[in-house]
Structures are given as structure tokens and as C-alpha cells.
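1. Below is the structure, and that's it, no one-letter string:
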């Protein structure tokens, strides 16, 4: 009589474990902090330098996009409004950043190598592919103009 009990326990364990292993992992929640971390790692610059670069990018986006597109970008880009406002706190006035080269120069002035500063812009575009909404297409417009 002992064998059926052990066999039942083994079957129960297999069913339980197979049910657990087949589930999909939780999708990653994309937050401002996650974006900063991903861009920082892929571009090789610090989190604070990345945050400043993203703030400058939000200011550039305001220049390059229509008002409706810019509103959509800041709404869809996690932390977009916070990054834009942080740019104000840093002294990036409206119209003060008009080119990607100016963002690279800001990063270089913060001690980032020119090569890593150049990687920053590509990293942001790459990370934006997973953000959803129209973030990638809107940032692509900013990069084109």
C-alpha cells in the first residue's frame, strides 16, 4: 500500500512543477529609472549623466516636434515630463538645445568621452523601441531633423 502513495506524491509534484515552469514571466514595467539604467549601461555613462542627457533630449524634442507630437512624447516616454522639468532646473531654457551635437557637447562637458556621448543617442533610440506608444517613431523624427 505504500507504493501508490509515493507514486501519487511524485505525480502531484510533477504536475505542480510543470504548471509553474510553463508560465510566462511578468513583463518588465518600463519606468523613468529603468530607462535611465538601460541607457546608462548601454552607452557606458553614469546614471546622472544619462538623466541630464535625457533632459537635454526632451528639450531638443520640443524644438523638433510639433506641439501635439511633443505632448504625446512626454506623455508616452516614462518620466518624460519629469525629465523635461529637470532640464528647466538645469538651465536648459526653451530653444537652448537645437541639435544632437549640442547634447553630445553637454555630455562631453560632464566628463563623458566623445565616443560614449555619441553612443548615448543611439542607446536612447534602441531602448525606446520597447517603450510602446509612439515613443520610437517620435524620437526617430527628432533624430532625423
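-> On my side now, so go ahead. Here the structure is a predicted model, which means the values were calculated and not measured.
2. What distance do you get for residue 92 to residue 113?
-> As judged by Cβ to Cβ, to the nearest Å, residue 92 and residue 113 stand 22 Å apart. For the C-beta atoms, the positions are set from N, CA and C on the backbone; glycine is no exception.
3. try residue 63
-> 26 Å.
4. Helices along the protein, start to end?
-> Shown for the chain, the helices assigned by DSSP state H span residues 2-21, 32-43, 47-64, 67-76, 80-90, 100-109, 114-128, 135-144.
5. Worst mean pLDDT among these?
-> Mean pLDDT is lowest for helix 2-21 among the helices of the chain, at a mean of 48.
6. quick one: the residue sitting nearest the centre point of the chain and residue 56, what's the gap?
-> Centroid check for the chain by Cα atoms, centre = their mean gives residue 35 as the closest residue, at 2.7 Å. Residue 35 is 15 Å from residue 56, where distance means Cβ to Cβ.
7. between residue 92 and residue 113, who's got more neighbours?
-> residue 92 (21 against 12; other Cβ atoms under 10 Å).
8. got the phi/psi numbers for the more buried one?
-> phi -80, psi 90 (degrees, to the nearest 10).
9. Tell me, how many residues neighbour the closest residue to it other than its chain neighbours?
-> Nearest residue to residue 92, sequence neighbours excluded (Cβ to Cβ, 6 or more residues apart in numbering): residue 59, at 4.6 Å. A count of nearby residues for residue 59, using other Cβ under 10 Å, gives 25.
10. do the same with residue 55
-> Residue 55 has 23 nearby residues by other Cβ under 10 Å.
11. nearest residue to it other than its sequence neighbours?
-> Nearest to residue 55 is residue 87, by Cβ to Cβ, 6+ apart, at 3.7 Å.
12. give the contact list for that neighbour.
-> 55-56, 58-59 (Cβ atoms under 8 Å, 6 or more residues apart in numbering).
13. go with 10 Å
-> Neighbouring residues of residue 87 by Cβ atoms under 10 Å, 6 or more residues apart in numbering: 51-52, 54-60, 62, 93-94, 96-97.
14. List buried residues within these.
-> With burial judged by 16 or more other Cβ atoms under 10 Å, the buried subset of those is 51-52, 54-60, 62, 97.
15. closest to residue 131 among those?
-> residue 54 (12.4 Å; Cβ to Cβ).
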